[in-house]
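A.B. asks: Sequence and predicted structure below; questions after.
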Amino acid sequence: MTALPDQARIVAVQVRYFAGARAAAGVQEETVRVARPDGAAVTAADVIAAALNLHDEKLSKVLPACSFLLDGVAVRDRTVEVSDDATLDVLPPFAGG
């Protein structure tokens, strides 16, 4: 295993999948660890990319249509910083009336 530089930033995020995203991921929730060797802030985009890397193409087909909540707040800008122990909810579009 390659050691990370001293300035590396690592965060662990609880990712929760709902409805079709859960079916595509095959799990209800999981801890996703993201490392930034350059010490830069970990973003929502980094966490989403890391989650995609853990799963097959089924999830990659669902995620573009999904919205996300970071600790209960809608993610409008995926460059938002994500802190260690945050929760990211993955919400596919819901049908209803």
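C.D. replies: Yep, that arrived. Residues are numbered from 1 along each chain as shown.

A.B. asks: Can you list the low-confidence ranges for this structure?
C.D. replies: 1-7, 95-97 (pLDDT under 70).

A.B. asks: Break down it into its strands, ranges please.
C.D. replies: 9-17, 29-36, 67-70, 73-74, 87-91 (DSSP state E).

A.B. asks: could you redo these as CSV and give each row distance to residue 45 and mean neighbour count?
C.D. replies: In short, each C-beta sits where N, CA and C put it, glycine included. Formatted as CSV, those follow (distance: least, C-beta to C-beta, whole Å; neighbours: other C-beta atoms under 10 Å):
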stretch, distance to residue 45, mean neighbour count
strand 9-17, 12, 18
strand 29-36, 10, 15
strand 67-70, 10, 17
strand 73-74, 15, 10
strand 87-91, 11, 19
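
A.B. asks: Reformat those as JSON lines; add distance to residue 60.
C.D. replies: As requested, these are exported to JSON lines (distance: least, C-beta to C-beta, whole Å):
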{"stretch": "strand 9-17", "distance to residue 60": "13"}
{"stretch": "strand 29-36", "distance to residue 60": "15"}
{"stretch": "strand 67-70", "distance to residue 60": "15"}
{"stretch": "strand 73-74", "distance to residue 60": "22"}
{"stretch": "strand 87-91", "distance to residue 60": "12"}
